[in-house]
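> I'll drop the sequence and a predicted model, then ask my questions.
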Amino acid sequence: MRAFTQHQGLVAPMDRSNVDTDMIIPKQFLKSIKRTGFGPNLFDELRYLDEGKPDQDCSQRPLNPDFVLNQPRYKNASVLLARSNFGCGSSREHAPWALDDYGFRVIIAPSFADIFYNNCFKNGLLPIVLEEKIVDQLFQEAEASEGYQLTVDLEARTVITPSGESFGFDVDDFRRHCLLNGLDDIGVTLEDAELIKTYEDQRRQTAPWLFGAGQ
Amino acid sequence: MAGKTLYDKLWDDHLVKQRDDGSALIYIDRQLLHEVTSPQAFEGLRLAKRKPWRIDANLATPDHNVPTTDRAKGIDGIVDPVSRIQVETLGKNCDEFGILEFKIKDQRQGIVHVIGPEQGATLPGMTIVCGDSHTSTHGAFGCLAHGIGTSEVEHVLATQCLVQQKMKNMLVKVNGELGKGVTGKDVVLAIIAKIGTAGGTGHAIEFGGQAIQSLSMEGRMTICNMAIEAGARVGMVAVDGTTIDYVKGRPFAPKGETWDAAVKYWRTLHSDMDAVFDKVVELEGADILPQVSWGTSPEMVTNVTGKVPDPSKEEDPIKREGIERALKYMGLNPNQAITDIKLDRVFIGSCTNSRIEDLREAAVVVKGRKVADSLKQAMVVPGSGLVKAQAEAEGLDKIFIEAGLEWRDPGCSMCLAMNADKLGQGEHCASTSNRNFEGRQGFGGRTHLVSPAMAAAAAIAGHFVDVRELLN
């Protein structure tokens, strides 16, 4: 997995709560058997005026001029500023894949849905929870000044504004460690293979009905 | 020391390793696989030259992309080539790694969350995962079950474990008895309306109280299924006689002495009397009426006797804007009576409501009646081939067909419209599914979440109607 240590990037403010995974990447694009190529269909129904279809050339489609990411000043944004309960809905990892493929590296919101939050970390994408009033402040600053960038430091757990104001954020140690070092967490788990086998052997004795059924 | 909650017990019994950094390795007893969220996981295994840790812990079936007509053609019946590749890929992956798959022509094929319990592949006390957020369904059996992303599907395939942080405990208690015509679906919609779509975030919800205990397994599954719509990955109900009676005799369930030992253990799967929950919410069963969603989030729900809300009366500006946006998308007016919402289509199916009891409840309502002429379509999609066979043995298919509903083959179908079944732009649908998000059932489609009985009543009337009037 790609490591994440520090990132500085242009901020796009998406002023809408409860952005669900169907909104992030509609179902017709989940038919792909790959992990890449979802970027052009990120927020498809908000971003384009027509109905999106898989394997379509999106550069020819009519854009919704009102959608934030279509505004020239937010071109190449890599920090998404969002509202509460971002990523609610399904477990589709296609949602973080699409955000990543589009070019986002950081999402900042007052709260995230659990499965989406977890999926981000598996893909080198950093979701950051900040208090609602801080998010409000960032929204105001990002909308007020074109070219507004934030710097995110995962090692120090800080978000720094252009004026030098710094906000701390929480992230659990294991996820932070994996992200900082770009670790393959399957590899980390397999370091405990003996423990897993011991547990399994014991369960075979105490709960044999959990093994071998249906074979 | 306080007693343990059901979630605490399930967690402790599956803890392989508690790490110093607060994370833990949790053992997974069962993984269910389907075609949409597994291909990249199998590909990851191959790229890393890894093998599945325990083949017999996995069970697969295609469900999201399968057509609900012409099933005799098998995979060739899938018209969309991209959908077909996904179903074929699942087949190839399962064959390559030796994983049991109920393929498209197998009578045991169906929606993963229907076939797990139906086969007894879902057993009380298990940890169960699937790359689908509605995996919470299996919590109805006193399981620790939740949806995971594709990276975690690969992680479980490779290690039989997941890295987890322990969630908080939440109890949602529904006291007393439910009124006539009020089902598990109405209960869970009322719960989501009360606590909101983020009300359970970070928590494992246990549903308890007399109203929950009196429900069948189907009703409990409907409630746990939608725990995720309240933000909770996990929904659970304690094991009791209803659970054990349901499991007994199913193909994957233990037999003989092993059965007796299993039952002894399963009987311990309830929260202790002195267990402490981080959050408790209570509802009175008698207060719950048949529910209808009017907006684009599962918390935007009201009673069938109610009205569409008026955004001008909402003081919170973010909520007001949310209501305004939803009403615009849904094409509804403030203060419009719910029973004045006219419908274009009716969908009875999905992992929330496609089990035999759901179909029986819908059939009772439509029996001897006719679907309204104003409807473009009303369809019933059973949750599995075995549900379909059972319904046909009971003559339910004839009741539906005579009333003018289409009787289809099993799959996820119009719940998320990955197959050919979808809404047209601007169409209103009474749907027994779980999500009313924008575009969920088709581009520009307008979903109203209801119970199977309410959907059936709406099919007859052509608009929403209080099903209790039809049951008298």
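Right, received. Where do you want to start? Residues are numbered from 1 along each chain as shown, chains lettered A, B, ... in the order given.
> okay, now the unreliable bits of the stretch 301-450 of chain B?
Scanning the stretch 301-450 of chain B for pLDDT under 70 picks out no residues.
> quick check: residues of it near chain A?
B:318, B:322, B:325, B:416-418, B:425, B:435, B:437-440, B:443-444 (C-beta under 8 Å from any C-beta of the partner chain). Using the backbone N, CA and C atoms, a C-beta is placed for each residue, glycine as well.
> scan chain B for its longest strand.
Taking DSSP state E as the criterion, chain B has its longest strand at strand B:168-175.
> residues of that one that come out buried?
For strand B:168-175, burial by neighbour count (16 or more other C-beta atoms under 10 Å in any protein chain shown) applies to B:Lys168, B:Asn169, B:Met170, B:Leu171, B:Val172, B:Lys173, B:Val174.
> so can I have CSV of these showing pLDDT?
Listed next are the buried residues of strand B:168-175 as CSV, based on pLDDT from 0 to 100:
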residue, pLDDT
B:Lys168, 98
B:Asn169, 98
B:Met170, 98
B:Leu171, 98
B:Val172, 98
B:Lys173, 98
B:Val174, 98
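> all helices of chain A, in order?
With DSSP state H, the ranges of helices along chain A come out as A:21-24, A:44-47, A:94-102, A:114-121, A:132-144, A:173-181, A:185-190, A:193-206.
> dump the ones you listed into a markdown table; add distance to chain B, mean pLDDT and mean neighbour count as well.
As requested, the helices of chain A are exported to a markdown table (distance: least, C-beta to the nearest C-beta, whole Å; pLDDT from 0 to 100; neighbours: other C-beta atoms under 10 Å in any protein chain shown):
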| stretch | distance to chain B | mean pLDDT | mean neighbour count |
| --- | --- | --- | --- |
| helix A:21-24 | 4 | 97 | 25 |
| helix A:44-47 | 5 | 96 | 21 |
| helix A:94-102 | 8 | 97 | 25 |
| helix A:114-121 | 4 | 97 | 25 |
| helix A:132-144 | 10 | 98 | 16 |
| helix A:173-181 | 4 | 94 | 17 |
| helix A:185-190 | 5 | 94 | 19 |
| helix A:193-206 | 5 | 97 | 13 |
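> tell me the secondary structure for the closest residue to B:Arg220 other than its chain neighbours?
Leaving out its chain neighbours, the residue that sits closest to B:Arg220 by C-beta to C-beta, 6 or more residues apart in numbering or on different chains is B:Ala140, at 3.8 Å. Under DSSP: H, G, I helix; E, B strand; the rest coil, B:Ala140 falls in the helix class.
> count of residues packed around B:Ala140?
Neighbours of B:Ala140 under the rule other C-beta atoms under 10 Å in any protein chain shown: 34.
> that one and chain A, how far apart?
18 Å (C-beta to the nearest C-beta, to the nearest Å).
> and for B:Asp278?
Taking C-beta to the nearest C-beta, one finds B:Asp278 at 15 Å from chain A.
> and the closest residue to that residue other than its chain neighbours, what does it touch?
Using C-beta to C-beta, 6+ apart and skipping the chain neighbours, the partner closest in space to B:Asp278 is B:Lys168 (4.1 Å). When contacts are counted by C-beta atoms under 8 Å, 6 or more residues apart in numbering or on different chains, B:Lys168 is found next to B:Gly202, B:His203, B:Ala204, B:Asp278, B:Lys279.
> just to revisit the earlier point, got the buried residues of strand B:168-175 as JSON lines, with distance to B:Arg46 columns?
As requested, the buried residues of strand B:168-175 are exported to JSON lines (distance: C-beta to C-beta, whole Å):
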{"residue": "B:Lys168", "distance to B:Arg46": "38"}
{"residue": "B:Asn169", "distance to B:Arg46": "39"}
{"residue": "B:Met170", "distance to B:Arg46": "40"}
{"residue": "B:Leu171", "distance to B:Arg46": "43"}
{"residue": "B:Val172", "distance to B:Arg46": "42"}
{"residue": "B:Lys173", "distance to B:Arg46": "47"}
{"residue": "B:Val174", "distance to B:Arg46": "47"}
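> look through the stretch 251-400 of chain B and state the residue closest to chain A.
Residue of the stretch 251-400 of chain B nearest chain A, by C-beta to the nearest C-beta: B:Pro254 (3.7 Å).
> you'd agree B:Pro296 is in a strand?
Wrong residue type there; residue B:296 is Thr, not Pro. No. Checked against three-state DSSP, B:Thr296 lies outside a strand; its state is coil.
> what's the neighbour count on the closest residue to it other than its chain neighbours?
Spatial nearest neighbour of B:Thr296, excluding adjacent residues (C-beta to C-beta, 6+ apart): B:Ala326 at 4.5 Å. B:Ala326 is flanked by 21 other residues according to other C-beta under 10 Å.
> wait, B:Ala326 sits on B:Glu299?
No. The pair B:Ala326 / B:Glu299 is not scored as a contact, 10.5 Å apart, by C-beta atoms under 8 Å.
> OK, contacts around A:Ile134?
Contacts of A:Ile134 (C-beta under 8 Å, 6+ apart): A:Phe167.
> can I get the CA coordinates of stretch B:344-360 in CSV?
Extracted in CSV, the C-alpha atoms of stretch B:344-360 (Å, rounded to 0.1, in the frame of the first residue of the first chain):
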residue,chain,number,x,y,z
ASP,B,344,-45.4,3.9,-10.7
ARG,B,345,-43.9,0.6,-9.6
VAL,B,346,-43.9,-1.8,-6.6
PHE,B,347,-40.9,-3.9,-5.7
ILE,B,348,-41.2,-6.7,-3.1
GLY,B,349,-37.8,-8.3,-2.5
SER,B,350,-34.2,-7.6,-1.4
CYS,B,351,-32.2,-9.0,1.5
THR,B,352,-34.4,-7.0,3.8
ASN,B,353,-37.8,-8.5,2.8
SER,B,354,-37.7,-11.5,0.4
ARG,B,355,-38.1,-14.4,2.8
ILE,B,356,-41.0,-16.7,3.0
GLU,B,357,-42.8,-14.8,5.7
ASP,B,358,-42.4,-11.5,3.8
LEU,B,359,-44.1,-13.1,0.8
ARG,B,360,-46.9,-14.6,2.9
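> list the buried ones in it?
Of the residues in stretch B:344-360, those buried (16+ other C-beta under 10 Å) are B:344-360.
> now do stretch A:57-71
Buried residues in stretch A:57-71, counted by 16+ other C-beta under 10 Å: A:Arg61, A:Asn64, A:Phe67, A:Val68, A:Leu69.
> C-alpha coordinates for it, CSV please?
C-alpha atoms of stretch A:57-71 as CSV (Å, rounded to 0.1, in the frame of the first residue of the first chain):
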residue,chain,number,x,y,z
ASP,A,57,-15.8,8.5,-22.5
CYS,A,58,-16.7,10.9,-19.7
SER,A,59,-14.8,13.8,-21.3
GLN,A,60,-17.7,14.2,-23.8
ARG,A,61,-20.5,14.3,-21.2
PRO,A,62,-22.4,17.4,-20.2
LEU,A,63,-21.0,18.7,-16.8
ASN,A,64,-23.3,20.0,-14.1
PRO,A,65,-21.9,23.6,-13.7
ASP,A,66,-23.3,23.9,-10.1
PHE,A,67,-21.3,20.9,-8.8
VAL,A,68,-18.3,22.0,-6.7
LEU,A,69,-15.7,19.8,-8.4
ASN,A,70,-16.6,21.3,-11.8
GLN,A,71,-15.6,24.8,-10.8
